[in-house]
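Visitor: starting from these lines, generate the structure:
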Amino acid sequence: MSFNLRGAILANVQGSSQDQVEATITDAMASGEEKMLPGLGVLFEVYWRNASEDQKHQVVSQITNGLQK
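Guide: I've put the predicted structure just below:
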């Protein structure tokens, strides 16, 4: 049996407004539940696919800086 987690997550958030996406991210982070990590990963993948090279560089820098704290 094969389950496409990425597809299921995308189907759940497809058509969401900016406020809904922000609430999804905020709720996932606030809950601290590891089961939310795949969803955040899929949302990050969507961001990455649509980001410019400058945006990608900026987010990589922000993540790197955050890891050094």
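
Visitor: can you list the weak-confidence ranges in the protein?
Guide: For the chain, applying pLDDT under 70 flags the ranges 1-2.

Visitor: do a quick rundown of the helices in the chain.
Guide: Ranges of helices in the chain, per DSSP state H, are 5-13, 18-31, 37-50, 53-67.

Visitor: which parts of the third one are buried?
Guide: To tie it back to what came earlier, the one meant is helix 37-50. 39, 42-43 (16 or more other CB atoms under 10 Å). Every C-beta, even on glycine, is put in place using the N, C-alpha and C of the backbone.

Visitor: for these, give me CSV that also has distance to Gln62.
Guide: Listed next are these as CSV, based on distance: CB to CB, whole Å:
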residue, distance to Gln62
Gly39, 20
Val42, 20
Leu43, 16
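
Visitor: between those residues, which sits nearest Gln58?
Guide: Of all the buried residues of helix 37-50, Leu43 has the smallest distance to Gln58: 17.1 Å, by CB to CB.

Visitor: tell me who's in contact with the closest one.
Guide: Leu43 is in contact with 9, 13, 21, 24-25, counting by CB atoms under 8 Å, 6 or more residues apart in numbering.

Visitor: only whichever of the residues you listed are buried, select them in PyMOL.
Guide: Here is the PyMOL command that selects the buried residues among the contacts of Leu43 (16+ other CB under 10 Å):
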select buried, resi 9+24
